[in-house]
Structures are given as C-alpha cells and as structure tokens.
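1. Sharing a model prediction with you, sequence too.
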Amino acid sequence: IQLRTNHVPLQVYLQRIGKAETTTCPTCGRAPETVSHFLLACPTYTLHRAIHFRPLGFTGRNLKTLLNSKDAITPLFGYINATGRLRAAFGSLEIPDCDASDSSSDPED
C-alpha cells in the first residue's frame, strides 16, 4: 500500500516530511528517488530488475502491473529484498502466500 500512495521511505517522501535534505537518489545520484525511479529506472538496481521482474515479461516494466497485479507480488517483494533499499525501515519482507484460498484454514495438517 505504501508504494501505491508514495508513503514509503524513499528520498522524495523523506524530504517532504522533513527527514531528508534532498530528493536525490542516494544510490545513483542522478534523479529524484521516487517509487517509479526505485522500481523502474535506478541504474544501481538494473540487475535486480532483470532477475526479479523477468517472469512478468514486458508488463512488469510499468508501475500499474508492479503495484496492482497479484502475479507481481512475489517478484516485487523479491526485488525489494534484493536491493536492500527498504531493509532499515521494513526488515526483510516476507513474501505472502498468494495461493492460499482460505486464510482461516488450520496450519496444522
């Protein structure tokens, strides 16, 4: 949800709330660090994008898919974990079980 609303600890948001002096991406120094920059454009994370978003094909190259598609959850969380960029705020993200049809089922079978 925070990625969709831009309330995520990236430089643009941190500067807006007075927690950072600049919006510039701390890893590449080339552009404001927005959600779009972090997920789709930052040259620092090119390899991570290639690895984690590859299963999504061309559709994985836009925010709409990455932030709204059920199929993108696992690659997105894998990417975020691999970059380490949000680890200080969130730790390692646990990839949710998107295939569980009933969240109230008894885990002890």
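-> Done, it's in.
2. So for the protein, the centremost residue is which one?
-> In the chain, the centroid-proximal residue (CA atoms, centre = their mean) is Ile80; its distance is 4.6 Å.
3. if I look at Leu67, how far off is Ile73?
-> In this view, Leu67 and Ile73 are 10 Å apart by CB to CB, to the nearest Å. Yep, even glycine has a C-beta here, placed from its N, CA and C like the rest.
4. Between the two, which contacts overlap?
-> Counting by CB atoms under 8 Å, 6 or more residues apart in numbering, Leu67 and Ile73 have no shared contacts at all.
5. okay, now the nearest residue to Leu39 once chain neighbours are set aside: neighbour count?
-> Closest residue in space to Leu39, ignoring its immediate chain neighbours: Leu66 at 5.8 Å, by CB to CB, 6 or more residues apart in numbering. Leu66 is flanked by 23 other residues according to other CB atoms under 10 Å.
6. contacting residues for Leu66?
-> Taking CB under 8 Å, 6+ apart as the definition of contact, the neighbours of Leu66 are Leu39, Leu40, Phe53, Leu56, Gly60, Ala72, Leu76.
7. try 7 Å
-> Leu39, Gly60, Ala72, Leu76 (CB atoms under 7 Å, 6 or more residues apart in numbering).
8. Report the lowest-confidence entry in the residues you listed.
-> Ranked by pLDDT, the contacts of Leu66 bottom out at Gly60 (80).
9. mind checking the SS state of that residue?
-> Three-state call for Gly60 (DSSP: H, G, I helix; E, B strand; the rest coil): helix.
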